[in-house]
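**Student:** Turn this into a model:
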Amino acid sequence: MSIIFFMIGISLLMALGFLGAFFWSMKTGQQDDLYTPSIRMLLDDDVPTTPETQSNV
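**Tutor:** The predicted structure is shown next:
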């Protein structure tokens, strides 16, 4: 029976830890820009053209 109380205590501590991490991320602005990361993968990177990267076609 004592293991149940121990597990409930550990789960409450973990829940408080996750809640604290969530509030910290909101306070520091981690969730401000949700649009740019989804578009960033669609944009091409500018790769400089050097003689090594040119193909002889």
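**Student:** where do the helices sit along the protein?
**Tutor:** Remark: helices assigned in the chain by DSSP state H are 2-27, 36-40.
**Student:** for the ones you listed, which one sits closest to Thr50?
**Tutor:** helix 36-40 (24.6 Å; Cβ to Cβ). For glycine as for every other residue, the C-beta is placed from the backbone atoms N, C-alpha and C.
**Student:** In PDB, list the C-alpha atoms belonging to the closest one.
**Tutor:** Once non-C-alpha atoms are left out, helix 36-40 reads as follows in PDB (Å, rounded to 0.1, in the frame of the first residue of the first chain):
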ATOM      1  CA  THR A  36       8.000  30.300 -39.700                       C
ATOM      2  CA  PRO A  37       9.300  26.900 -38.700                       C
ATOM      3  CA  SER A  38       6.700  25.200 -40.800                       C
ATOM      4  CA  ILE A  39       7.600  27.300 -43.900                       C
ATOM      5  CA  ARG A  40      11.400  27.200 -43.400                       C
END
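**Student:** still on that earlier bit, so can I have JSON lines of the helices of the chain showing mean pLDDT?
**Tutor:** Formatted as JSON lines, the helices of the chain follow (pLDDT from 0 to 100):
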{"stretch": "helix 2-27", "mean pLDDT": "96"}
{"stretch": "helix 36-40", "mean pLDDT": "77"}
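**Student:** okay if I get these as a markdown table plus distance to Thr50 and mean neighbour count?
**Tutor:** A markdown table is the format used below for these (distance: least, Cβ to Cβ, whole Å; neighbours: other Cβ atoms under 10 Å):
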| stretch | distance to Thr50 | mean neighbour count |
| --- | --- | --- |
| helix 2-27 | 41 | 10 |
| helix 36-40 | 25 | 9 |
